[in-house]
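Visitor: model this:
(one chain, ligands or ions: 2)
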Amino acid sequence: MNPLQRTQTPDGKASTENHSDIIPEETTVCVVGLGYVGLPLAVRFDESGYDVIGYDISAETVDRLDEGIDTTGDLGDAAIADGEVTFTTDPATIEAASYVLVTVPTPIDETHDPKLDYVESAAETVGQHMTAETTVILESTVYPGATREVMGPALEAASGLDCGEEFSVGYSPERANPGDEDHGLRNVVKIVSGQTDAVTEDVATLYDHVVDAGVHRAPSMAVAEAAKVVENVQRDVNIGLVNDLAKTFERLDIDTEAVLSAAGTKWNFHDYRPGLVSGHCIPVDPYFLLHRAKQAGASPDLIEASRSVNESMPKHVADLMVKALTEAGRPLADARVLVAGLTYKADVADIRNAKIGAVIEELREYGIEVVGYDPLLSDETIAAHLDIESRERLSFEGVDGLLLGSAHEDLRELNPNIVAAEMAKPPAIVDVNGIFDVTDVSDEVAYRRV
Ligand SMILES: NC(=O)C1=CN([C@@H]2O[C@H](COP(=O)(O)OP(=O)(O)OC[C@H]3O[C@@H](n4cnc5c(N)ncnc54)[C@H](O)[C@@H]3O)[C@@H](O)[C@H]2O)C=CC1
Ligand SMILES: CC(=O)N[C@@H]1[C@@H](OP(=O)(O)OP(=O)(O)OC[C@H]2O[C@@H](n3ccc(=O)[nH]c3=O)[C@H](O)[C@@H]2O)O[C@H](C(=O)O)[C@@H](O)[C@@H]1O
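Guide: Ligands and ions are numbered 1, 2, ... in the order given. Next up, the predicted model:
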């Protein structure tokens, strides 16, 4: 369904009153990939009146969704059970869709190179089943150029159709902030783009129906792809700065948290805090831009240096634990350390690419015995991602060291001295995210924070 040719004003606003004739009730949308991004997207399009197919290769995911279970834990089961999304593993259903939204993973490999295998595989499946006049919109985070150079050709090869003449492609990144209800799919401006201005306008109209915050029309797919990656690169670089400062001030015996709190009294000081920089986005996406930059002969040193600093943090945190145990006079071998808070960030039940795992590996190098605890994770989930014994209930009995990781609400309520009283004496505590107020911690505790 390609609307009339249109041009765009520089700020990305459509320069014509005409809009493509997308009528939700008459439009079928297929979401490919029902994870943290795809499932909320499918549910939102369904709520907005579209006929929605949710396609995934995971039979387990589709079966649980069909049972009315929210497999992401973000939406609640009612959002699934009460909706009318058709969940399926049958790719033939893609044929019915006028719009296909691709939300599959885009990880990096062990050499930090982007892996677009999932995108290529999804495009092959879509290509085999889509019809002419379909618009395929990639939402996954990729490097600038990937939609046009990777997804488009894969669709052409599988469908035998011409990209641009017989079907269209677009790019619209997901920008929802996990665990942040104020910044989800509906209330963050959706960047939209297409291979032509007309496709951009079509994509804009499609998302305008579902995103309350509205859309921003990027002048090209490459601009939209770059904007998404840059958002995360900027965050990674800024966190890299405060991590660099934290490592420096630890040597100067200056409390970084106190410095940032003081500097933060200035109106334009940006609030970033030192930490492990985990997850499948912030520590991953900069490598997409670096990959593309190097292909073009550029070398954005600051992006690379920030990644290097952030990747050094697990060792830095482990070293803090070693110093605290040593200060407390605890022999490292056989010292028992409880790591509380294992997810990639506070108050989010997602342990994927949580750098606490690297901290645990560093501690083990010293012969330290590690036990884990996380109020948001089951023992099974912990065991599936981290090779450690875990405690279902939070107890500090017999614990020589406590490493406070992701700052979950439950952990933020802990009283440092009650905790210390339960631990073996003298206790050693490392507080990665500054959960405790350092003035509340008694001198008997060997206490360090990042
Ligand atoms: N998780 C988040 O909060 C955000 C993620 N993103 C990006 O969105 C993309 C998706 O991320 P998530 O939703 O977190 O991934 P996820 O791992 O939660 O979900 C991906 C889903 O795709 C399915 N899948 C894989 N290959 C498939 C194929 N060929 N056909 C159909 N389904 C297939 C998997 O079974 C899985 O259910 C990534 O590029 C990520 O960087 C962007 C913003 C936020
Ligand atoms: C620019 C931006 O804020 N991007 C968001 C980000 O979500 P994500 O949950 O991965 O990011 P996050 O909240 O910064 O946390 C990432 C990691 O960084 C750590 N972190 C965060 C802020 C900080 O000052 N210090 C710090 O150490 C967190 O603890 C966590 O381990 O990445 C998401 C994505 O792209 O998947 C994106 O949609 C979200 O809007």
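Visitor: quick one, what contacts Thr135?
Guide: The contact partners of Thr135, taken as C-beta atoms under 8 Å, 6 or more residues apart in numbering, are 1, 98-100, 167-170, 194, 199, 202-203, 206. All C-beta atoms are positioned from the backbone trio N, CA, C, and that covers glycine.
Visitor: now Asp253
Guide: Here Asp253 is in contact with no residue (C-beta under 8 Å, 6+ apart).
Visitor: Quick check: it vs ligand 1, distance?
Guide: Taking C-beta to the nearest ligand atom, to the nearest Å as the measure, Asp253 falls 38 Å from ligand 1.
Visitor: now do Asn243
Guide: For Asn243 relative to ligand 1 (C-beta to the nearest ligand atom), the value is 22 Å.
Visitor: which parts of the helix or strand hosting that residue are buried?
Guide: Per DSSP states H and E: Asn243 is located in helix 221-252. For helix 221-252, the neighbour count (16 or more other C-beta atoms under 10 Å) marks 221-229, 231-233, 235-237, 239-240, 242-247, 249-250 as buried.
Visitor: what's that helix packed up against?
Guide: strand 168-171, strand 190-194, helix 256-263, helix 285-295, helix 301-311, helix 313-327 (3 or more C-beta pairs under 8 Å, 6 or more residues apart in numbering; DSSP states H and E).
Visitor: Please produce TSV containing those, extended by mean pLDDT and mean neighbour count.
Guide: Below are the helices and strands packed on helix 221-252 laid out as TSV (pLDDT from 0 to 100; neighbours: other C-beta atoms under 10 Å):
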stretch	mean pLDDT	mean neighbour count
strand 168-171	98	28
strand 190-194	98	26
helix 256-263	96	15
helix 285-295	97	20
helix 301-311	98	17
helix 313-327	98	21
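Visitor: can these go into a markdown table with extra columns for distance to ligand 1?
Guide: Shown next, in a markdown table, are those (distance: least, C-beta to the nearest ligand atom, whole Å):
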| stretch | distance to ligand 1 |
| --- | --- |
| strand 168-171 | 12 |
| strand 190-194 | 12 |
| helix 256-263 | 26 |
| helix 285-295 | 7 |
| helix 301-311 | 16 |
| helix 313-327 | 21 |
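Visitor: ok, Thr28 touching Ile53?
Guide: Yes - judged on C-beta atoms under 8 Å, Thr28 makes contact with Ile53 at a distance of 6.8 Å.
Visitor: which residues do these two both contact?
Guide: 96-97.
Visitor: Who has more neighbours out of the two?
Guide: Ile53 (24 against 19; other C-beta atoms under 10 Å).
Visitor: what about the more buried one, which SS state?
Guide: strand (DSSP: H, G, I helix; E, B strand; the rest coil).
Visitor: Quick one: neighbours of Met130, just the number.
Guide: By other C-beta under 10 Å, neighbour count at Met130 equals 26.
Visitor: Which stretches in the stretch 1-150 of the chain count as strands?
Guide: Here the stretch 1-150 of the chain has its strands, by DSSP state E, counting those that start in this stretch, at 28-32, 51-55, 86-88, 99-102, 135-138.
Visitor: From Leu325, how far out is Gln295?
Guide: According to C-beta to C-beta, to the nearest Å, Gln295 and Leu325 sit 46 Å apart.
Visitor: what's the neighbour count on the closest residue to ligand 2 within the stretch 51-200 of the chain?
Guide: At 3.9 Å from ligand 2, Asn177 is the closest residue in the stretch 51-200 of the chain, using C-beta to the nearest ligand atom. When neighbours are counted by other C-beta under 10 Å, Asn177 registers 13.
Visitor: Kindly report the same for Asp374.
Guide: 27.
Visitor: list the contacts for it?
Guide: 340-343, 351, 382, 390, 406, 408 are the contacts of Asp374 under C-beta under 8 Å, 6+ apart.
Visitor: Let me know the pLDDT of Met1.
Guide: Each residue has a pLDDT score; the one for Met1 is 44.
Visitor: An error on my part: the question was meant for Asp379.
Guide: 93.
Visitor: so it makes contact with Leu386?
Guide: No - counting by C-beta under 8 Å, Asp379 does not reach Leu386; the two are 10.7 Å apart.
Visitor: of these two, who's got more company?
Guide: For Asp379 versus Leu386, neighbours defined as other C-beta under 10 Å are more numerous around Leu386 (21 against 14).
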